[in-house]
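> Generate coordinates for the sequence data below:
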Amino acid sequence: MTVTSFDEIAAPAPKTGALPERPTKSYYQRNDGFIVGTVSAIVAIVFWEIMWQAGFIDPLFFSGPSATLARLYRGLWTTGDMIPHIIFSAQNFAVGFTCAAIVAIPLGIALGWYRTPRMILDPFITVLYSTPRIVFVPLFVMWFGLGFLSKMVIVFLSAFFPILLNVMAGVRTTDDQLLGAAKSFCATQGDLFRTIVLPATVPFIIVGLRQGLAHGLIGVVVGEFFAGSKGIGYLIGQAGTTFATDLLFACVIVIAVAGLGISAILQRVEQHFQSWRPAQS
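Here you go, the predicted structure:
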């Protein structure tokens, strides 16, 4: 064999069977959804503000971004008139949502695992979940009065069923092959719950909490709107009756920011538990 150049001697032999290097994604490729969504939202807000400044929007029936932010700034920092209402609503939501999660998660695991209690309670769960919670507001007011307790119960009921149903679905969809393999090694009920059922149910628990979050925020607004003298829902009702559209939109921003913040926290929790889930083949 004749060597034609020094490069052929110095060049290493190609590796057989080596995996090709994965191309590095750019920042845009890694965050394209967030970037596109953010740009589209900014464009919509700018267009909205242009229409507002040009006078194409009637302030009696709608408001602009600048007017809404000015009312929000005044309510939070200048006069502070929105702060007591925000605190009251936050307390209602925190207590009601926490109690719903504490009760619904273990109950959902139990009903998903044990067939007989699930068959007994299934009709009641279906009826209560499919019934709009707003119809119970007058009943709760009669039972618990117009104070904190009635609002908390409405939030609890609103968040309870989404969490419960998702947790039940997570338990019932646990891989039967994993359960069978664990039972063949004489695993106890506690071992099954700790090593298989609970890790497989974590994503369903997070989804249930996020759905319960949305329903719980709706419950806060509904309860305070129809049977309250304080809170964000009460402010929304007052803003609607007085045509104070800037205050109404400011309240909507408060609720939206709260929902986004709590949802982001739940997403981080879900990412933290990703490594706890059973490996997918």
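> all helices for the stretch 51-200 of the chain, in order.
Counting by DSSP state H, counting those that start in this stretch, the segments of the stretch 51-200 of the chain that form helices are 65-73, 83-113, 115-130, 137-144, 148-172, 176-184, 189-192, 198-227.
> Same list, those, but as a markdown table with distance to Glu49, mean neighbour count and mean pLDDT please.
Every C-beta, even on glycine, is put in place using the N, C-alpha and C of the backbone. Output for these, formatted as a markdown table (distance: least, C-beta to C-beta, whole Å; neighbours: other C-beta atoms under 10 Å; pLDDT from 0 to 100):
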| stretch | distance to Glu49 | mean neighbour count | mean pLDDT |
| --- | --- | --- | --- |
| helix 65-73 | 5 | 17 | 87 |
| helix 83-113 | 25 | 19 | 90 |
| helix 115-130 | 41 | 11 | 86 |
| helix 137-144 | 37 | 15 | 81 |
| helix 148-172 | 34 | 24 | 88 |
| helix 176-184 | 55 | 12 | 65 |
| helix 189-192 | 57 | 12 | 65 |
| helix 198-227 | 26 | 22 | 84 |
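> Could you dump those helices into CSV with distance to Met51 added?
Shown next, in CSV, are the helices of the stretch 51-200 of the chain (distance: least, C-beta to C-beta, whole Å):
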stretch, distance to Met51
helix 65-73, 10
helix 83-113, 29
helix 115-130, 40
helix 137-144, 37
helix 148-172, 35
helix 176-184, 57
helix 189-192, 60
helix 198-227, 27
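> which one of those helices lies closest to Ile262?
Ile262 sits nearest to helix 198-227 of all these, at 5.5 Å, using C-beta to C-beta.
> Domain ranges for the protein, per the record?
For the chain, automatic domain parsing gives the domain ranges 24-57, 60-276.
> which parts of stretch 253-265 are buried?
Neighbour counts over stretch 253-265 (16 or more other C-beta atoms under 10 Å) mark 254-255, 258-259, 262 as buried.
> any idea which of those residues is closest to Gly212?
Nearest to Gly212 among the buried residues of stretch 253-265 is Ile262, at 10.3 Å by C-beta to C-beta.
> in stretch 52-66, what's buried?
52, 57, 62-65.
> Now the residue nearest in space to the middle of the chain. Nearest residue, chain neighbours left out?
Centroid-nearest residue in the chain: Arg210, 2.7 Å away (criterion: C-alpha atoms, centre = their mean). With sequence-adjacent residues excluded and distances taken as C-beta to C-beta, 6 or more residues apart in numbering, Arg210 is closest to Leu266, at 5.3 Å.
> same question, Val95
Closest to Val95 by C-beta to C-beta, 6+ apart is Met152, at 5.1 Å.
> any idea how far the one you found lies from Gly80?
Distance of Met152 to Gly80, computed by C-beta to C-beta, to the nearest Å: 25 Å.
> Thr245: neighbour count?
Using other C-beta atoms under 10 Å, Thr245 is surrounded by 21 other residues.
> Same question for Gly145.
Neighbourhood size, Gly145 [other C-beta under 10 Å]: 11.
> Spit out the contact partners of it.
Going by C-beta atoms under 8 Å, 6 or more residues apart in numbering, Gly145 touches no other residue.
> Give me the phi and psi for it.
phi 80, psi -170 (degrees, to the nearest 10).
> Do you know the pLDDT at it?
Looking at Gly145, its pLDDT reads 76.
> again, but for Trp48
For Trp48, pLDDT reads 87.
> Surely it touches Pro65?
Yes: between Trp48 and Pro65 there is a contact at 5.8 Å, judged by C-beta atoms under 8 Å.
> picking that back up, okay, and the residue nearest to Arg210 sits in which element?
Assigned by DSSP states H and E, Leu266 falls within helix 245-272.
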